[in-house]
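Visitor: task: produce atomic coordinates for the following.
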Amino acid sequence: MNKIFLLLGMAIAIGGCASSKSGDTYTRDEARLVQNVQVGTVEGSRPIKIEGTKTAIGAGAGTVVGAIAGSSAGQGKGSSIGSVLGAVAGGMAGAAAEEGLTRTDGMEVTIRLENGRIISVVQAGTEQFQPGDRVRILEIGGETRVTHY
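Guide: Sure thing, here's the model as predicted:
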């Protein structure tokens with residue numbers, strides 16, 4: 001049973017290492033790089049959900065835990081069948097748990113740039129944007145952020 005808790009703890013800890021997609025979080029690689037800046041006005045915004053990560057970590061941890069738990073069901077062939085069924089069910093449960101634990105709240109912000117073009121940016125976090133807010137749109141390495149001006 002201790003092995004099960006250890007494996008689940010490792011899966012949760014590793015899932016917590018996922019990078020943030022909020023407007024105020026930068027990676028180490030983004031520090032000291034020039035960003036392209038545009039200015040605009042918020043046309044509208046709405047809260048959204050950003051799906052969680054779907055890596056092999058959650059499924060793998062669930063598979064191991066399920067196999068260990070399933071192997072205790074019966075003896076001989078029953079134990080082997082229980083282990084296989086437990087591994088399959090555990091893998092599915094682990095993948096679903098990882099996605100659910102790493103799902104985040106975010107905002108979709110629609111912005112009218114100074115040149116008249118309208119864009120929409122989705123980012124994690126709970127920063128609120130209201131119609132009429134002046135914002136900066138920061139672009140660096142394919143990533144775009146919206147911040148208040």
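Visitor: name whatever forms a beta bridge with E143.
Guide: Beta-bridge partners for E143, by DSSP bridges, are I140.
Visitor: was I right to think it contacts E30?
Guide: Yes - the pair E143 / E30 is scored as a contact, 7.3 Å apart, by Cβ atoms under 8 Å. In short, each C-beta sits where N, CA and C put it, glycine included.
Visitor: tell me, what's touching those two both at once?
Guide: Counting by Cβ atoms under 8 Å, 6 or more residues apart in numbering, no residue touches both E143 and E30.
Visitor: tell me the contacts of E114?
Guide: E114 makes contacts with 38-40, as judged by Cβ under 8 Å, 6+ apart.
Visitor: pop the domain breakdown of this structure in here.
Guide: Per automatic domain parsing, the domain ranges recorded for the chain read 1-19+52-102, 34-50+105-149.
Visitor: among the ones you listed, which gets the worst mean confidence?
Guide: Among the domains of the chain, domain 1-19+52-102 has the lowest mean pLDDT, at a mean of 62.
Visitor: which stretches in this protein count as helices?
Guide: Secondary structure of the chain (DSSP state H): helices at 2-15, 56-71, 77-102.
Visitor: before I go, just wanted to say thanks for your time.
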